[in-house]
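Here's my sequence, what's the structure:
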Amino acid sequence: MRDTEPTANPNFAAVLLAGGRSTRMGRDKAALVLDGTPLWQLQLAKLRALQPTELFISGRSDGPFAGAGVDIVEDETPGLGPLAGIAATLARITAPRLLVLAIDLPEMTVDFLRALLAAPGSLIPQRAGFFEPLAAVYPQAAAPLARAAVPREDRSLQRFCRELLAARLATARPLSPAEEPLFRNLNAPADLPPAR
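The predicted structure is shown next:
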């Protein structure tokens, strides 16, 4: 499958989650350079290859991606984690589904994301009972649930995903052992691949 192939289910929005504080990394993850290219450009290219009807970056308006020609969605209240970015973007989209991709999942592939989109409905990858909510498809209908979850003390995405499944707004999609490495994330300098 070529990266330029359209998705079988084309009416969807996509967002690159790039608004984290990067505390453990010590610098903005979006600006990290892998193989000579800033990470935000690598991840955004994956989303563009899927040809979403709407494309957003969730992050600061003065982030390294400012001026990239993509609408930037800022959190209503900064510093409340990825759920706040998802909630703010769900409130903006007109498409029925939102594909979310986190900035710090460099191993994620276009083919895996396309497979999520090709299935009907909204899918959240899961392994051993643990959701992988940062490369997933959410329904626009979840916007009110997301907005209500952001002010809570427990605004974990694990809880939010359980609520979506209970409300039958999304389905868990088990990961195969071969797919699990796609979710290796970059949290700290030790996670960075060696320079080539």
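
What's the first helix or strand after the helix or strand of the chain with the lowest mean pLDDT?
In the chain, the helix or strand scored least confidently by mean pLDDT, DSSP states H and E is strand 33-34, which has a mean of 66. Using DSSP states H and E, the next helix or strand after strand 33-34 towards the C-terminus is strand 37-38.

I'd like the next helix or strand past that next one.
helix 39-49.

show me where the chain has helices.
39-49, 82-90, 110-118, 143-149, 157-166 (DSSP state H).

Could you check the angle the third one makes with helix 39-49?
So that's helix 110-118. 50 degrees (axes from the mean of the first three to the mean of the last three CA atoms, to 10 degrees).

Do you have the strands of the chain handy? List them.
13-17, 33-34, 37-38, 54-58, 71-73, 97-102, 123-127, 130-131, 135-139, 171-174 (DSSP state E).

could you say what helices and strands the longest one packs with?
In terms of contacts (3 or more CB pairs under 8 Å, 6 or more residues apart in numbering; DSSP states H and E), strand 97-102 is packed against strand 13-17, helix 39-49, helix 82-90, helix 110-118, strand 135-139. Quick note: C-beta positions are derived from backbone N, CA and C, even for glycine.
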